[in-house]
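In: Sequence isn't available, so here's the structure alone:
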């Protein structure tokens, strides 16, 4: 059985052979076009048979020139303007060699080996255009595939958000963690849904500045209020509730990086659990209609401190009495969110590797940020006091994701960019246990949204 490295080299050799074949066809087309232009589409005096024979020499010289100038060291989908001169040099070198051959072999009896001067010049122009053009078209094709959903190996889901829009329209909505990946997308989609006022709660100054600047420049209709507050600060948050009177709270503020929370459990408990309890109690006390906790699949039978803090946060909101309708929404990894594996892989690929994966069998569920937030807002529009689980499709092997990202960047996994396995870290599972089957969840009338069966279990 071949190792991944050997498979990668075999794939590399195969793709390069295909590339050589395509180049041979391109050069052939350029050579025939040169004769057609030179002789007004009539048969040359020495006949098409000798033209075909001489093409062998022309093709060999061009391919050798491409090899000598390093053109085959670069994947076609990585071609950009700075590399184009390399192909000009290759075709110029080939034209120079063919010209020398014509000088050294002037006899017409050798026309089947070397082309005439005029054909060499015209072919140089056509071959340069063809070789660069084919690569550029391929690069555009690959650029069109560089989407998150392509890496997830599925089509990105789109949802009917009309129900969520009707629910949020005209309301005062509070979003905590508003500067984070999820929080900022919540702000965007809440604004698009027609909320009257958005309270953006974020303790990180720069993150709050960025989302406030973005939303201000977008000229959204909603009134915006950036609030640089730790949502665990009961005194300050109570003042906000009293003054602003939000009717919907979307609580996204949390620590989510498993290893960091594992190393700082007290802070993880304070921020993820106690701050959520504070927000829930204040919401009930001040007449909030709907409170939504952004939770995680790591709260299912948790083994990490982070998972345990989120499970405790879920239980905390369910214990609060009052007219407020509480719910939590569980989903897995959000593709491209800050602190997730995707930005890390991109950074490692940009640095030339290696890409680090904890274990070859590690799997995770992924959604795009837009998918996740769209479903969160749909769940927010419902009335149940429940823990919702989002259907995230099939889990993705992290090593497959790493390989796809390397390939998408125009490199060869295990050849250009190595992948190394670093071992499972404390608090990590090989796979998360999110489950939307009938034994674990009730299906709702909203696609992809399920109500988790508690039955005494996580």
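Out: Good, I have the coordinates. It should be emphasised that the depicted structure is a prediction, and the values quoted were computed from it without experimental measurement. Numbers count the residues shown, from 1 in each chain.

In: just checking, next helix/strand downstream of the helix or strand of the chain with the lowest mean pLDDT?
Out: Counting by mean pLDDT, DSSP states H and E, the chain has its least confident helix or strand at helix 148-151, which shows a mean of 60. Later in the chain than helix 148-151, the nearest helix or strand by DSSP states H and E is helix 162-168.

In: That next one - what's its average pLDDT?
Out: Average pLDDT, helix 162-168: 90.

In: any idea how far it is from the chain center?
Out: 28 Å (CA atoms, centre = their mean, to the nearest Å).

In: swap in stretch 315-324?
Out: Using CA atoms, centre = their mean, the offset of stretch 315-324 from its chain centre is 36 Å.

In: List the buried residues for that stretch?
Out: In terms of neighbour count (16 or more other CB atoms under 10 Å), stretch 315-324 has its buried residues at 315-318, 320, 324. Backbone N, C-alpha and C define where each C-beta goes, glycine included.

In: is it possible to export these to CSV including pLDDT?
Out: As requested, those are arranged in CSV below (pLDDT from 0 to 100):
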residue, pLDDT
315, 94
316, 95
317, 95
318, 93
320, 94
324, 95
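
In: May I ask which two of those are separated the most?
Out: Using CB to CB, the pair of the buried residues of stretch 315-324 lying farthest apart is 315 and 324, separated by 16.0 Å.

In: Identify all contacting residues around the host helix or strand of residue 216.
Out: Following DSSP H and E, one finds residue 216 within helix 205-217. Outside of helix 205-217, the residues within contact range by CB atoms under 8 Å, 6 or more residues apart in numbering are 178-180, 183-184, 187-188, 191, 198, 200, 202, 222, 224, 226-228.

In: repeat for stretch 418-428
Out: With contact meaning CB under 8 Å, 6+ apart, stretch 418-428 is reached by 4, 258-259, 261-262, 303-307, 353-360, 362, 399, 402-403, 406, 413, 430.

In: The same query, at a cut-off of 7 Å, please.
Out: Identification of contacts with stretch 418-428 by CB atoms under 7 Å, 6 or more residues apart in numbering yields 258-259, 262, 303-306, 353-360, 399, 402, 413, 430.

In: can you check stretch 333-351 too?
Out: For stretch 333-351, using CB under 7 Å, 6+ apart, the contacting residues are 148, 152, 180-182, 256-257, 354-356, 364-369, 372, 398, 402, 405-406, 409, 411, 417.

In: Please enumerate the helices of the stretch 101-250 of the chain.
Out: Secondary structure of the stretch 101-250 of the chain (DSSP state H, counting those that start in this stretch): helices at 117-145, 148-151, 162-168, 181-192, 205-217, 234-244.

In: Packed most tightly, which of those helices would that be?
Out: Highest mean neighbour count among those (mean count of other CB atoms under 10 Å): helix 181-192, with a mean of 23.

In: now for that helix, which elements pack on it?
Out: Packing partners of helix 181-192 (3 or more CB pairs under 7 Å, 6 or more residues apart in numbering; DSSP states H and E): strand 172-176, strand 197-201, helix 205-217, helix 369-380.

In: how far is the first one from where the chain is centred?
Out: Taking the mean of its C-alpha atoms, strand 172-176 sits 27 Å from the chain's own mean (CA atoms, centre = their mean).
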